[in-house]
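Colleague: just a sequence and a predicted model for now, questions to come.
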Amino acid sequence: MSNLTRLVNLVLSMLLLAAPVQGQSAEASNVRLVGYSDLQGRPALQVTLKRNYAYVGHHRGRARNPLTGRVEPNGTTILDVSSPADPRIITHLPGRADAESRAVQVVERYFDGRDYLLRNQEAFEFTGFEVWDITDRQAPKRVSEIGGLRQAHKGWWDLESGFAFLSGVASGWKGRHLMIYDLTNPHMPRPVTNWGLPGQAPGETGRSVGLHHPVISGNRAYLSYLFGGDIVTLDITEKTDPQKIAHIDFLPKPARSHTTVPYSVPLRAGVAGDAGKTRRILVVSEEALASGCRESRPQIYIFDATVETKPSLLAAFKVPDGDFCKRGGRFGPHQIAETRDGQLIADSLLYIAYFNAGLRIVDLSEPARPKEVGYYIPESESGKPVQTNDVDLDYRGLIYITDRSGGGLHILKYGATDQR
């Protein structure tokens, strides 16, 4: 594909995303709406649930904050969701001027007994990560920074070890790679090591790749490369010297690996010989990048990880096209739910943020035969396409989804009658 063709496709995608769409009623199967917040109209990405609070990271922009009466740069919103039918914004933590503040991680009752928030900031004045003390949710205080980066995309703060595993670009490195920081003392972040695929380190030559973000499970890190399509499992027992366990690089060339999550799936009772057993799998989501389906169709991949060093492809899943390619915006997977109340999901249901196809719920109890069991597509009244961007679960099992186009935060419950 020529550079001119790429430019034309990009312009067309942007026009399709910006084009107004007709108001569209909510569509649902086996999922019902519990509560809603407009998030002050700010476009949102990551949502993280911890106990009775939801934390939302926003894309760049500005909006009026009714709590202060001021127009503030988009940053991080903290909501009290103790009453999920009536979520209440208690703080909007502004970002820096024109900052991208998409990512947010939270640790509670930390080593010093306090609560902290880690967020990214990509702005002209500063690119890096910030640590905030949020013990008082209504008066957060910035306590430290991780700066000097060329990109700061997303991360994972591991409560058990106190280490943060970040995706960004440090000086001299090529493309986003893994950066490990010791945050046992949140007031004094300490760099530990950088890890990348061959060709990324300073002085090396190789193909262009880019880590989207890591998912941490005990002494394992699961890395997904949005640019490159690679999937890597690392042994992070020694934080100063991560060791590669497995490297999947055989997906189709256009693959854009966004998120990799390990599952120990309870196999469905009644399947011969499987009742009561679990199966270790990896679930990988690609990211749909182009509006109006002007790309090869991204999908979800399911790998058998029984042999950790040699994951093998079991199945793939994607939502049928229907009329989604005509609805405007992106159509395809983005983020899959990684956690429930901060802990890795441990059941057999997969929750996928699927852009203009909303939330999709897939049963993985037979991993080689994934089956959709529910969906929810929010109502569209803003003149913009629905763009469901992220999903997370709370301790009650309620589902939280955000919208990239400013459609707010929807709180959902799985297991309800159809509504169309």
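Modeller: Sure thing, it's come through. Numbers count the residues shown, from 1 in each chain.
Colleague: if I look at D304, how far off is A54?
Modeller: Taken as C-beta to C-beta, to the nearest Å, the spacing of D304 relative to A54 amounts to 34 Å. To be clear about C-beta, it is placed using only N, CA and C from the backbone, and glycine gets the same treatment.
Colleague: neighbour count winner among these two?
Modeller: For D304 versus A54, the count of surrounding residues by other C-beta atoms under 10 Å is larger for A54: 28 against 17.
Colleague: residues touching that one, list them.
Modeller: 47-48, 78-79, 81, 87, 392, 394, 400, 409 (C-beta atoms under 8 Å, 6 or more residues apart in numbering).
Colleague: what strand or helix carries it?
Modeller: Counting by DSSP states H and E, the element that carries A54 is strand 53-58.
Colleague: likewise for Y222?
Modeller: Remark: Y222 resides in strand 220-227, with elements defined by DSSP H and E.
Colleague: V283 bridge partners, please.
Modeller: With DSSP bridges applied, the residues forming beta bridges to V283 are V261, I302.
Colleague: low-confidence ranges in the stretch 251-400 of the chain?
Modeller: 251-253, 267-276, 381-382 (pLDDT under 70).
Colleague: close enough to count as contact, E287 and H258?
Modeller: Yes - assessed by C-beta atoms under 8 Å, E287 is found in contact with H258 at 4.0 Å.
Colleague: which residues are in contact with both of these two?
Modeller: Applying C-beta under 8 Å, 6+ apart, one finds that E287 and H258 are jointly contacted by 212, 226, 333-334.
Colleague: which of the residues you listed has the most neighbours?
Modeller: Comparing the shared contacts of E287 and H258 on neighbour count, P333 comes out first with 27 neighbours (neighbours: other C-beta under 10 Å).
Colleague: coming back round to it: can you add secondary structure and distance to K318 and give the shared contacts of E287 and H258 back as TSV?
Modeller: Formatted as TSV, the entries for the shared contacts of E287 and H258 read as follows, by DSSP: H, G, I helix; E, B strand; the rest coil; distance: C-beta to C-beta, whole Å:
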residue	secondary structure	distance to K318
H212	strand	19
L226	strand	18
P333	coil	8
H334	coil	13
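Colleague: what's the strand holding Y222 packed up against?
Modeller: Counting contacts by 3 or more C-beta pairs under 8 Å, 6 or more residues apart in numbering; DSSP states H and E, strand 220-227 is packed against strand 210-217, strand 231-235, strand 257-266.
Colleague: who's in contact with R279?
Modeller: Contacts for R279 (C-beta under 8 Å, 6+ apart) come out as 264-265, 267, 304, 306, 367.
Colleague: I should have written L223 there, sorry.
Modeller: Under the criterion of C-beta under 8 Å, 6+ apart, the contact list for L223 reads 178, 211, 214, 230-234, 260.
Colleague: how about 7 Å then?
Modeller: Under the criterion of C-beta atoms under 7 Å, 6 or more residues apart in numbering, the contact partners of L223 comprise 178, 211, 214, 231-232, 234.
Colleague: for S101, same thing?
Modeller: With contacts taken as C-beta under 7 Å, 6+ apart, S101 has the following neighbours: 57-58, 74-76, 95, 119-121.
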